[in-house]
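> My questions concern the predicted model and sequence given below.
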Amino acid sequence: MTTKEEMIETIKLEYTSLRVGNEQDGYETLSDDKYEQTIASWAEAKLARQKRDAERQQLRLTRIAAYEKLGLSKEEIEALVPTPQPKKL
């Protein structure tokens, strides 16, 4: 699993600077401290989402294994434990 530091570095590669504002009022680049705080917050959120997704997948696999022991068909299992669809961000 990715560490927080690794996630921060990955995000920083994609977002070398951050700006706030809008077209009407103009934009302002975040200070170094605010940039670091924002990137750290994003990294924590992404790691939490990855952990949650892994836990859900493990629970799904556990349920499938239990239904297989009961002798249910793949179609019956899929009806009870559908394959999750990825969320669009």
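Sure, I can see it. Numbers count the residues shown, from 1 in each chain.
> Strands of this structure, start to end?
19-22, 26-29 (DSSP state E).
> Quick one: closest of those strands to residue 62.
The closest of the strands of the chain to residue 62 is strand 19-22. By Cβ to Cβ, the value is 43.3 Å. In short, each C-beta sits where N, CA and C put it, glycine included.
> Give the buried residues for the closest one.
Within strand 19-22, no residue is scored as buried using 16 or more other Cβ atoms under 10 Å.
> ok, it: who's next to it in the sheet?
Using DSSP bridges, the strands paired with strand 19-22 are strand 26-29 (antiparallel).
> list the buried ones in the lowest-mean-pLDDT helix or strand in the chain?
Taking mean pLDDT, DSSP states H and E as the measure, the chain has helix 74-80 as its least confident helix or strand, at a mean of 89. Buried residues in helix 74-80, defined by neighbour count with 16+ other Cβ under 10 Å: residue 77.
> Check stretch 4-11 too.
So, applying 16+ other Cβ under 10 Å, buried residues of stretch 4-11: 7, 8.
> tell me the centre residue of this protein?
Residue closest to the average C-alpha location in the chain (Cα atoms, centre = their mean): residue 49, at 3.5 Å.
> so residue 72 touches residue 80, yeah?
Yes: applying Cβ atoms under 8 Å as the test, residue 72 and residue 80 come out as touching, 7.5 Å apart.
> returning to that earlier point: not counting its own residues, what contacts the least confident helix or strand of the chain?
Residues outside helix 74-80 that contact it (Cβ atoms under 8 Å, 6 or more residues apart in numbering): 63, 64, 67, 68, 72.
> Most neighbours among these, please name it.
Of all those, residue 67 has the most neighbours under the rule other Cβ atoms under 10 Å, reaching 18 neighbours.
> ok, that residue touching residue 81?
Yes: under the criterion of Cβ under 8 Å, residue 67 makes contact with residue 81 at 6.9 Å.
> From residue 3, how far off is the residue nearest to the centre of the chain?
15 Å (Cβ to Cβ, to the nearest Å).
> got it, and residue 26?
Going from residue 26 to residue 3 by Cβ to Cβ gives 37 Å.
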